[in-house]
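> Test case, fold it:
(chains A and B)
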2 protein chains.
Amino acid sequence: MERQDRQAVRTDPLSTQALIIGAGPVGLYQAFQLGLLGMDCHLVDVLPHVGGQCVELYADKPIYDIAGLPRCTGRELIERLQQQISPFAPPMHLGHQVTELHRLEAGGFQLHTDLGLSITTPHVVLAAGVGAFLPRSLPLEGLQSLSGVCHAHQPMPSPAQAPHVVLAGSDEQILPPLKHWLAQPTASLTLLHRRSKLDLHGSDAAWVKQCLDSGRLRLVVGQAIGLAADDGALQALHIAPPDGDAFDCPCQVLVQCLGLSPKLGPLADWGLAMSKRRIEVNTRDFGTSEPGIHAVGDINFYPGKRKLIMSGFHEATLAAYGVAERLSAGPVTLEYTTASAKLHQRLKV
Amino acid sequence: MERQDRQAVRTDPLSTQALIIGAGPVGLYQAFQLGLLGMDCHLVDVLPHVGGQCVELYADKPIYDIAGLPRCTGRELIERLQQQISPFAPPMHLGHQVTELHRLEAGGFQLHTDLGLSITTPHVVLAAGVGAFLPRSLPLEGLQSLSGVCHAHQPMPSPAQAPHVVLAGSDEQILPPLKHWLAQPTASLTLLHRRSKLDLHGSDAAWVKQCLDSGRLRLVVGQAIGLAADDGALQALHIAPPDGDAFDCPCQVLVQCLGLSPKLGPLADWGLAMSKRRIEVNTRDFGTSEPGIHAVGDINFYPGKRKLIMSGFHEATLAAYGVAERLSAGPVTLEYTTASAKLHQRLKV
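I've put the predicted structure just below:
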């Protein structure tokens, strides 16, 4: 219901020559290559920030196999790519998940996101990595549709009465919701984790220990194996401890702080030819089975494919030429950034 | 004769898991990817230094389209790649042109270079750019086989008597031979160029002007259209000036300072399937029509091919996996440099 309300806010769809789904390293470089060939594009990513896996999985870990960068962290690579695409300043729609893709009768596509954005474009480039990163949920059927249930990055529920609150998680993701609920009237505040040892360090660990020692927060060790609800509202979680009998834990607000999980999500429903849950592409321009839709980076598949950033950069380059040739309905000549005045103008150098 | 003498010096052929022909950016990255997968390799390049086109054509010009490097010169890119491959320290044979390639009956290949190097290997990766860069010559039939004729980067001839010397060229490449011959006894010292304007600047231009003004060097403007030789030794060049009649210019030593020209050279004779003077490859592992020979970078051709360094990096990556799978006779699992202890050990980090 909320989604429909939000969609109604925006009536005019945006329009662009190419829409890139995924703002990880390959999606960003896709925007660069499209810009270099004189095309505009928009980027959409389900995460609230650019960088994809580079930032989610190894922001501070060094990468050693990017050609010309003997050592750089995931975050550094993303910062370098952001600087590289800055001459083209592609609009970015972050925190949006693409929920619908329609082919328009007049040609091209219309896309909708869960936050009500609508974009029409003749070209879609899927650079969505291993799919969309979605917040990980407790594996209880029907849980996500209940009121009072949310994920750590979402707005916290505002119940009428002081609720029993459960935070599920063990790492620094629990800190913002913990601070939020410590400042609210609650009937109880519980941290739910499989083990008694939390994944916290330093001052964070000390502060949470202090919350536990003072009784403002209690730790429940176990796994949620069931739930109780009343009129669409969560009321309790059924918890199985490591040993002993299962028990009910009262819960009107559940905040899932369980990290992100890669999901192909709605992309899997678009009717594209797939191979092993990845999208089949040709190696000429990384087009999919659907004319006008290209797929680059970890989401695609072709014989010899390796899920490497360097391959994604190449794929994005040839996909940009593919898009350019479709737009110009003819061959596009390669020009070099070392020598071309036209490219220098586009790069603003 | 000299080549045969030099070949006789080395009797034992070197042996390596992969030989890379071409030490430009793609050849260097090829060595990195082979090293990352635990293989050793040697590099051969006809130029006396690494870098290929990056150094020959745009050493000081900025490149803007290397992913993660918003701006770097050709030389900087090469320096970065040299640093990147330093953990693997592949032996480099610079200034060698591969002249022969034989398939061995026992499997694998044996290669010979013009400087007498002999290498046996089960895998050859051609990363030779637009071919080998060969020194450009005056277009006179039979000229190169005459004694007294050389190119700027070669040892200067040492004739018995003070010769008539002609330097053909107009840019800074003339400076070392000019200095050499100014210090030698000569009958005459001539600079031959099509136009009266030289391609020199600053102190270089001033110094050459001084040589001309003082009469130690004379400038002949025109094109060499013929030659006179006696017993296999050059004696004169026949020169056509921009206007007026052709004339003879005495010449016992000719130093050709005309830059480098890309030539596919002997690679064209190896029996590989070609398309538009480029070597046909598959896009799975960039193998050629000859099992065990791969081709990466500007020298190869496949549908969609663009002569871009970023594509060469991808091609080198998949070629390395292709070589690794041939060596292990089975699938090779991808590991990431962010996480793999094995790769960290190989990278010495």
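> What is the neighbour count of the nearest residue to A:P159 once chain neighbours are set aside?
Spatially, and ignoring its direct neighbours in sequence, A:P159 is nearest to A:Q252 (6.0 Å; Cβ to Cβ, 6 or more residues apart in numbering or on different chains). Every residue, glycine included, has its C-beta placed from N, CA and C. Neighbour count for A:Q252, taken as other Cβ atoms under 10 Å in any protein chain shown: 24.
> Distance-wise, check A:L140 relative to chain B.
31 Å (Cβ to the nearest Cβ, to the nearest Å).
> That residue and A:Q223 touch, don't they?
No - in this structure, A:L140 is not within contact of A:Q223 by Cβ atoms under 8 Å, at 10.2 Å.
> still on that earlier bit, what residues are up against the residue nearest to A:P159?
Going by Cβ atoms under 8 Å, 6 or more residues apart in numbering or on different chains, A:Q252 touches A:G148, A:P159, A:P163, A:H164, A:V165, A:A187, A:A233, A:L234, A:Q235.
> Three-state assignment for A:V166, please.
Following DSSP: H, G, I helix; E, B strand; the rest coil, the label given to A:V166 is strand.
> right, and it touches A:C251 too?
Yes - between A:V166 and A:C251 there is a contact at 4.4 Å, judged by Cβ under 8 Å.
> what's the overlap in contacts for those two?
Counting by Cβ under 8 Å, 6+ apart, the residues touching both A:V166 and A:C251 are A:T190, A:L237.
> residues contacting the nearest residue to A:C54 once chain neighbours are set aside?
Leaving aside its sequence neighbours, A:C54 sits nearest to A:G74 (Cβ to Cβ, 6+ apart; 3.6 Å). A:G74 is in contact with A:G51, A:Q53, A:C54, A:V55, A:L57, A:Y58, A:A59, A:D60, A:K61, A:I63, B:T338, counting by Cβ under 8 Å, 6+ apart.
> and the gap between the residue nearest to A:P159 and A:L167?
Computed as Cβ to Cβ, to the nearest Å, the A:Q252 to A:L167 distance reads 13 Å.
> surely A:A59 meets A:T73?
Yes - between A:A59 and A:T73 there is a contact under Cβ under 8 Å: 6.5 Å.
> what's the burial count for A:Q82?
Using other Cβ under 10 Å, A:Q82 is surrounded by 16 other residues.
> and it, that one's in a helix?
Yes - secondary structure of A:Q82 (three-state DSSP): part of a helix.
> got a list of what it touches?
Going by Cβ under 8 Å, 6+ apart, A:Q82 touches A:L28, A:V50.
> ok, now the one 5 residues further on?
Taking Cβ under 8 Å, 6+ apart, we find A:P87 in contact with A:G35, A:R346, A:L347, A:K348, A:V349.
> per-residue pLDDT, the second one?
At A:R346, the predicted lDDT confidence score is 97.
> Now the helix or strand A:H314 falls within: average pLDDT?
A:H314 is part of helix A:309-328 when elements are defined by DSSP states H and E. Helix A:309-328 comes out with an average pLDDT of 97.
> In the helix or strand just after that helix, which residues are buried?
Reading on from helix A:309-328 to the C-terminus, the next helix or strand found by DSSP H and E is helix A:341-347. Neighbour counts using 16 or more other Cβ atoms under 10 Å in any protein chain shown place A:L343, A:R346, A:L347 of helix A:341-347 among the buried residues.
> out of the residues you listed, who's near chain B?
Restricting those to those touching chain B (Cβ under 8 Å from any Cβ of the partner chain) yields A:L343, A:L347.
> where does chain A have its least confident helix or strand?
helix A:2-9 (a mean of 36; mean pLDDT, DSSP states H and E).
> Next to chain B, which bits of the stretch 1-150 of chain A? Give me the list.
Residues of the stretch 1-150 of chain A lying near chain B (Cβ under 8 Å from any Cβ): A:25, A:29, A:32-33, A:36, A:57-58, A:61-72, A:74, A:77, A:80-81, A:83-84.
> got the phi/psi numbers for the spatially most distant residue from the centre of chain A?
If you look at how far each residue of chain A sits from its centre, by Cα atoms, centre = their mean, the farthest one is A:G244, at 38.3 Å. Note on A:G244: backbone dihedrals following degrees, to the nearest 10 are phi 90, psi -180.
> Pull the contacting residues for the closest residue to A:L115 other than its chain neighbours.
The shortest distance from A:L115 to any non-neighbouring residue, by Cβ to Cβ, 6+ apart, is to A:H96 (5.1 Å). Contact partners of A:H96, counting by Cβ under 8 Å, 6+ apart, are A:V44, A:D45, A:V46, A:T113, A:D114, A:L115, A:L117.
> 6 Å instead, please
Residues near A:H96 by Cβ atoms under 6 Å, 6 or more residues apart in numbering or on different chains: A:V44, A:T113, A:L115, A:L117.
> Just put the residues you listed in TSV and tack on pLDDT and neighbour count.
Supplementary listing: the contacts of A:H96 in TSV, determined by pLDDT from 0 to 100; neighbours: other Cβ atoms under 10 Å in any protein chain shown:
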residue	pLDDT	neighbour count
A:V44	96	26
A:T113	88	21
A:L115	88	17
A:L117	93	19
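> for those, which one is nearest chain B?
For the contacts of A:H96, the minimum distance to chain B (Cβ to the nearest Cβ) is 20.6 Å, reached by A:V44.
> what's near enough to touch that closest one?
A:I21, A:H93, A:H96, A:V98.
> Next, give phi and psi for it.
Here is the backbone geometry of A:V44 (degrees, to the nearest 10): phi -130, psi 140.
> Also A:L14?
Note on A:L14: backbone dihedrals following degrees, to the nearest 10 are phi -70, psi 160.
> which one is it nearest to, not counting chain neighbours?
Per Cβ to Cβ, 6+ apart, closest to A:L14 is A:I119, 4.6 Å.
> wait, what's in contact with that neighbour?
Residues counted as contacts of A:I119 (Cβ under 6 Å, 6+ apart) are A:P13, A:L14, A:L19, A:L111.
> so the third one sits right up against A:H42, yeah?
Yes - proximity of A:L19 to A:H42 meets the contact threshold set by Cβ atoms under 6 Å, at 5.4 Å.
> More neighbours: which of the two?
A count of neighbours by other Cβ under 10 Å puts A:L19 above the other of A:L19 and A:H42, at 26 against 21.
> Is that one bridged to anything, and to what?
On the basis of DSSP bridges, A:L19 is bridged to A:H42, A:V124.
> which sections of the stretch 151-300 of chain A are below the confidence cut-off?
The model of the stretch 151-300 of chain A has pLDDT under 70 over residues A:262, A:264-268.
> ok, the closest residue to chain B within it - contacts?
Scanning the stretch 151-300 of chain A for proximity to chain B using Cβ to the nearest Cβ identifies A:R284 as nearest, at 3.4 Å. Contact partners of A:R284, counting by Cβ under 6 Å, 6+ apart, are B:P303, B:G304.
> Then A:L343?
A:E335, A:T337.
> Show me what from the stretch 151-300 of chain A comes close to chain B.
Within the stretch 151-300 of chain A, the positions adjacent to chain B are A:T283, A:R284, A:D285 by Cβ under 6 Å from any Cβ of the partner chain.
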